[in-house]
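[1] what follows is a predicted structure for the sequence shown.
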Amino acid sequence: MSTILDLHSHSEASEDSRAPVEAYLNWIKLKRHERPLDGIVLTEHRQFNRNADYRALEDKYGMLVLRASEIETDYGHMLVFGVNDDITRRFDFADVRLPAQQVIDEVAAMGGLVVPCHPGRPNVGLCEHYEKRPALDNVVAVEILNGGSRKGENERSAALVAKFGYRATGGSDSHMVSLIGVCATRFEAEVGTIEELVRELKTGEYEAVDFRPRPSPIARAIPVEAK
Amino acid sequence: MAVEYDPAIIGKVFDVTDPVPVTAAAVRDYCEALGETNPLFTDEQAARKGPHGRLCAPPSFAVTFRNGRHFYQHVPRFGRSGFDAGKDVEFIHPIFIGDQITLSSHVKEIYEKTGRSGSMVFVVIRSTLGNQLGETIAHIDHRFMHR
Amino acid sequence: MADNNSRTFEDLNVGDPLGPVQLFVSRDQARKYARACGLDFPRFTDDEAARKEGLPGMILPGNMSLGILTKLVTDWLGSGGGLLTRIGTTYRQPVQPDLTLTLQGFITHTQPADRTAEIDVWLENADAERLVIGTATVHFPAR
């Protein structure tokens, strides 16, 4: 039984998002026919919400809400799944220049997994860093499909995946309610906990899925006339 | 980019701007510039029948009031250039023609992050607008991005 | 069901759209806005000067984008008594004039207890890239 999760989203806990978690889940419920998600992973910027408890919302909406983080490193932004106390004691997530190789290796040793996100994005994606520096070791998967990407960025990510043979995830990178779930990851196995997610990301079968709406043409532009 | 600043600056209100009068011409020019045709903001007769009983400025007119140069002497700068990164505006009371608007601001927060543009420092300035009756018109958080 | 000019809280449903509305803001219009707001800095009035600052060319002031999105909401509210109580915007990419922009929004949340609704709003280019994103809160006082 497969599981579809949006692996990259930001709630109002991230400084540049105003999306309440409940509004995300309600939107997924409303848009179920377009975005058949089983849950979301909150990847807040530069922090891990240790004490956040979404069980009541999970029960209310019948959806999974897992917690992870988006950190900033010397090789760009990365998602950290399976964050635990050992990891947060070892690395200050507020640091915008974390050492990527160390983070990848030590997080894995501590039971988590680091997934570089939006690798095709300038400055904060792996692709650009790989042009100037050696490739990182022990990268298991990267985010091939990011809902906030601009023209060409997801394509660069795909080229990186093809070149290095990385496994590939998808996530919306949503900072607003209506964008939740536009990109996601479909796992062949059932995923119900963060531990199962980390296990599946490391060794399971999964693929990025694209639920982005196609833009519809609009007939007429209204000019804003200078008088 | 080093993010060094005097922490005492956070929360410190420097002073209040001199009152700026809201004129019919300023509101009209603003409406024309924005292509605003809502009669509540452009038609005195229609506005008399509206929720406020008189013509008022469009809500976004609130962000046109600015701190004086003296304020920015106290605000730390980072990098070589600054850009408006966004705003959060809480509208509390409408702005009417004839109002005298003052601005009181402080640095609310400074933080660093990385993005497409590289390393950036964000300075968030909170401004509170008031009128001649002592009413709060709006709270505005301006986010300035420096790189 | 409300007509376009008298929207009430009871008419609202999560998922209801605002727009889409297409806009073409000319250079002259952008300059006019900048002048009206005392923002006639080179980046808002001159392509060459804007490029010297690392921009792709002359850009709309961020306040103008906020004004445009505010207008999207107040136009949608009409005269039904609803008030815009908050808007927040993030400028993700420079907005250049002389390009067709599309404004859109969706109601994402309603709170019957205090008669408010939250709305996602954004301004996108012809490639459907969201140049400016934001959220707005509207309130419908009890009659």
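    Good, I have the coordinates.

[2] okay, and the helix or strand of chain B with the least pLDDT?
    Counting by mean pLDDT, DSSP states H and E, chain B has its least confident helix or strand at helix B:69-74, which shows a mean of 72.

[3] ok, and does it reach over to chain C?
    No. Using C-beta under 8 Å from any C-beta of the partner chain, helix B:69-74 never reaches chain C; the gap is at least 12.4 Å. No exception for glycine: its C-beta is placed from N, CA and C like everyone else's.

[4] can you spell out which helices and strands pack onto that helix?
    Applying 3 or more C-beta pairs under 8 Å, 6 or more residues apart in numbering or on different chains; DSSP states H and E, one finds that helix B:69-74 contacts strand B:13-16.

[5] for the nearest residue to C:G82 once chain neighbours are set aside, grab the count of nearby residues.
    Using C-beta to C-beta, 6 or more residues apart in numbering or on different chains and skipping the chain neighbours, the partner closest in space to C:G82 is C:F140 (4.7 Å). Summarising burial for C:F140: neighbours were counted as other C-beta atoms under 10 Å in any protein chain shown, giving 21.

[6] repeat for C:R51
    By other C-beta under 10 Å, neighbour count at C:R51 equals 13.

[7] does it sit in a helix, a strand or a coil?
    The local conformation at C:R51, judged by DSSP: H, G, I helix; E, B strand; the rest coil, is helix.

[8] picking up where we left off before, for the least confident helix or strand of chain B, which outside residues touch it?
    Contacts with helix B:69-74, where a contact means C-beta atoms under 8 Å, 6 or more residues apart in numbering or on different chains, come from B:9, B:12, B:14-15, B:105, B:107.

[9] dump these into a markdown table; add neighbour count, pLDDT and distance to chain A as well.
    Below are the contacts of helix B:69-74 laid out as a markdown table (neighbours: other C-beta atoms under 10 Å in any protein chain shown; pLDDT from 0 to 100; distance: C-beta to the nearest C-beta, whole Å):
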| residue | neighbour count | pLDDT | distance to chain A |
| --- | --- | --- | --- |
| B:I9 | 15 | 86 | 19 |
| B:K12 | 10 | 84 | 21 |
| B:F14 | 17 | 73 | 24 |
| B:D15 | 13 | 74 | 28 |
| B:S105 | 24 | 92 | 19 |
| B:V107 | 20 | 91 | 15 |
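
[10] as TSV, these with distance to chain C would be great.
    Putting those into TSV (distance: C-beta to the nearest C-beta, whole Å) gives the following:
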residue	distance to chain C
B:I9	23
B:K12	24
B:F14	20
B:D15	20
B:S105	16
B:V107	19
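
[11] about what we covered before: ok, the residue nearest to C:G82 - contacts?
    C:8-9, C:80-83, C:115-117.

[12] phi, psi of it?
    phi -120, psi 100 (degrees, to the nearest 10).

[13] quick check: it vs B:N38, distance?
    Using C-beta to C-beta, to the nearest Å, C:F140 is found at 17 Å from B:N38.

[14] thinking again about what came up before, quick one: strands adjacent to the following helix or strand past the least confident helix or strand of chain B?
    The C-terminal neighbour of helix B:69-74 among helices and strands, as given by DSSP states H and E, is strand B:82-91. Here strand B:82-91 is paired, per DSSP bridges, with strand B:136-146 (antiparallel), strand C:83-91 (antiparallel).

[15] could you dump those strands to JSON lines with distance to C:G57 and mean neighbour count?
    JSON lines is the format used below for the strands paired with strand B:82-91 (distance: least, C-beta to C-beta, whole Å; neighbours: other C-beta atoms under 10 Å in any protein chain shown):
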{"stretch": "strand B:136-146", "distance to C:G57": "19", "mean neighbour count": "20"}
{"stretch": "strand C:83-91", "distance to C:G57": "16", "mean neighbour count": "22"}
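
[16] what stretches of chain B score poorly on pLDDT?
    Low-confidence segments of chain B, defined by pLDDT under 70: B:1-2.

[17] could you redo the last one with a cut-off of 90?
    Residue ranges of chain B with pLDDT under 90: B:1-17, B:46, B:49-53, B:66-83, B:117-118, B:147.

[18] now look at the longest helix along chain C and say if it contacts chain B.
    The longest helix of chain C (DSSP state H) is helix C:62-77. Yes. Applying C-beta under 8 Å from any C-beta, one finds helix C:62-77 touching chain B at C:62-64, C:66-68, C:70-71, C:74-75.

[19] pick the one among those closest to C:D46.
    Relative to C:D46, the closest of these is C:M64; by C-beta to C-beta it sits at 16.0 Å.

[20] which residue packs closest to that closest one, ignoring adjacent ones?
    Leaving out its chain neighbours, the residue that sits closest to C:M64 by C-beta to C-beta, 6+ apart is C:Y33, at 4.7 Å.
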